[in-house]
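K.L.:
coords below, sequence missing:
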């Protein structure tokens, strides 16, 4: 079991503020506090950077516990050339080309827009945001 990382009163205060903001986020629109919450989460995660990745953490503030899960598993391709060659052998060049995704940033940086027009389309096919607007405020009724 790893030795607990010391928690100062100032860090406890940060844990409590983070707990409060996470509660707000779950209960209502947290937009005004999103930047502060993002900063606090980064500081709290940073505080436990050296903690073993496979051990969850419970940090105790004065008012809130902040639970940090085990680090998630992530896979990384360490040699794109070897991965490409392996896939080419396994599924063939034609299927591999069809399976690839090309970032538009890469195309825009290196390929003339006129050339792109032969194989790139643009259309409004994304989702729509939905909002509601109150047409008339309800009338206030006297309370007896």
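P.N.:
Received, thanks. All values reported here derive from a predicted model rather than from experimental measurement. Numbers count the residues shown, from 1 in each chain.
K.L.:
do a quick rundown of the strands in the chain.
P.N.:
With DSSP state E as the criterion, the chain has strands at 57-60, 65-68.
K.L.:
got these as TSV, with mean neighbour count columns?
P.N.:
Where you see a C-beta, it was placed from the backbone N, CA and C, and this is true even at glycine. What follows is the strands of the chain, written out as TSV (neighbours: other CB atoms under 10 Å):
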stretch	mean neighbour count
strand 57-60	15
strand 65-68	14
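K.L.:
now render those as JSON lines, adding distance to residue 122.
P.N.:
Shown next, in JSON lines, are the strands of the chain (distance: least, CB to CB, whole Å):
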{"stretch": "strand 57-60", "distance to residue 122": "46"}
{"stretch": "strand 65-68", "distance to residue 122": "42"}
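K.L.:
please name whichever of those strands is nearest to residue 17.
P.N.:
With CB to CB as the criterion, residue 17 lies closest to strand 65-68 of these, at 10.2 Å.
K.L.:
so what does that closest one touch, helix or strand wise?
P.N.:
Packed against strand 65-68 by the contact rule (3 or more CB pairs under 8 Å, 6 or more residues apart in numbering; DSSP states H and E) you find helix 9-27, helix 34-47, strand 57-60.
K.L.:
ranking the ones you listed by mean pLDDT, which is last?
P.N.:
With a mean of 80, helix 9-27 has the lowest mean pLDDT of these.
K.L.:
nearest residue to the middle of the protein?
P.N.:
residue 38 (10.2 Å; CA atoms, centre = their mean).
K.L.:
could I get the contacting residues of it?
P.N.:
The contact partners of residue 38, by CB atoms under 8 Å, 6 or more residues apart in numbering, come to none.
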